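S.K.: 3D, please:
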Amino acid sequence: MGVLVVTGTGTEVGKTVTTAALAAVAARAGRSVAVLKPAQTGVAPGEPGDVAEVVRLAGDAVTGVELARYPEPLAPGTAAARAGLAPVRPLQVAEAVSKLAASHDLVLVEGAGGLLVRFDEEGSTLADVAGLLGAPVLVVAAAGLGTLNSVQLTGEALRSRGLQQAGVVIGSWPGDPGLAERCNVADLPVAAGAELLGAVPEGAAAMAPGAFLAEAGGWLAPSLGGVWDGASFARRECPEAVPRTAPS
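M.R.: Predicted coordinates for the structure are as follows:
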């Protein structure tokens, strides 16, 4: 996997910390890693954004690139228009990714919000970027109530566009999960139509970088470079849930 697009089912689902975990695992395995954020919103000039957070957690060896920044915390297309700034275009993103891929083993493309958040007035989205790149898309989801609908809608949007879904990662797994969270471990793969490939613990972003780097592999499945065992996780965290698998 040379390029991986990371999207969320919405905002504040743990997309950035999951991207950092992916970068940390790959970097620790000796791979050169770049993280590209096409559009950063809601951050003033000079303030650290999502890319800076990924590099802080995953290590300075990770190359971080931000293509555009808009001050208001809105969808990129809206934020660009309100600021009177040029929007980010999918072709621009794809070209930047291609350049990074020429000198890095892995390029992670972190979107803003969900898959279909608009980049520009034409309605271009991260899905268009993934299509241009021919890259798989990893979906980061919330753990609790309401996540199944969002995950299913995102999976259907990917399939309708002929895009490959790499899987689903829970972006913030609570230390004391409730019934909804525990049952969702079994239901998420079915709703997504793709395998559950990890669970990042709640509060991981507050860890010291050294500890984050050392532990990130335990949060991600082998297909993402880690050692996370979904079956063991399910038995430990949700023994009462009915085991289910993604449809073939």
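
S.K.: what is the mean pLDDT for the strand or helix carrying Val168?
M.R.: Per DSSP states H and E, Val168 falls inside strand 165-173. Mean pLDDT, computed over strand 165-173, is 97.

S.K.: within the sheet, what are the partner strands of it, with directions?
M.R.: When pairing is defined by DSSP bridges, strand 165-173 lines up against strand 137-141 (parallel), strand 196-201 (parallel).

S.K.: contacts made by the last one with the rest, please.
M.R.: Right, strand 196-201. 14, 17-18, 21, 138, 143, 166-173, 175, 185, 188-189, 219-221, 223-224, 226, 228, 230, 233 (C-beta atoms under 8 Å, 6 or more residues apart in numbering). (C-beta placed from N, C-alpha, C; glycine too.)

S.K.: same thing with stretch 79-90?
M.R.: With C-beta under 8 Å, 6+ apart, stretch 79-90 has contacts from 38-39, 41-42, 67-68, 70-74, 76-77, 119-121, 124-125, 128-129, 132.

S.K.: same thing but 10 Å
M.R.: The contact list for stretch 79-90 (C-beta atoms under 10 Å, 6 or more residues apart in numbering) reads 37-42, 67-78, 92, 95-96, 112, 118-122, 124-133.

S.K.: the residues you listed in helices, which ones?
M.R.: 76-78, 92, 95-96, 126-133 (DSSP state H).

S.K.: dump these into JSON lines; add pLDDT, neighbour count and distance to Ala180 as well.
M.R.: JSON lines is the format used below for the ones in helices among the contacts of stretch 79-90 (pLDDT from 0 to 100; neighbours: other C-beta atoms under 10 Å; distance: C-beta to C-beta, whole Å):
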{"residue": "Pro76", "pLDDT": "95", "neighbour count": "26", "distance to Ala180": "31"}
{"residue": "Gly77", "pLDDT": "96", "neighbour count": "23", "distance to Ala180": "33"}
{"residue": "Thr78", "pLDDT": "96", "neighbour count": "16", "distance to Ala180": "32"}
{"residue": "Gln92", "pLDDT": "96", "neighbour count": "16", "distance to Ala180": "40"}
{"residue": "Glu95", "pLDDT": "97", "neighbour count": "12", "distance to Ala180": "42"}
{"residue": "Ala96", "pLDDT": "97", "neighbour count": "19", "distance to Ala180": "39"}
{"residue": "Leu126", "pLDDT": "97", "neighbour count": "28", "distance to Ala180": "27"}
{"residue": "Ala127", "pLDDT": "97", "neighbour count": "23", "distance to Ala180": "28"}
{"residue": "Asp128", "pLDDT": "97", "neighbour count": "21", "distance to Ala180": "33"}
{"residue": "Val129", "pLDDT": "97", "neighbour count": "27", "distance to Ala180": "32"}
{"residue": "Ala130", "pLDDT": "97", "neighbour count": "28", "distance to Ala180": "30"}
{"residue": "Gly131", "pLDDT": "97", "neighbour count": "17", "distance to Ala180": "33"}
{"residue": "Leu132", "pLDDT": "97", "neighbour count": "15", "distance to Ala180": "37"}
{"residue": "Leu133", "pLDDT": "96", "neighbour count": "22", "distance to Ala180": "35"}
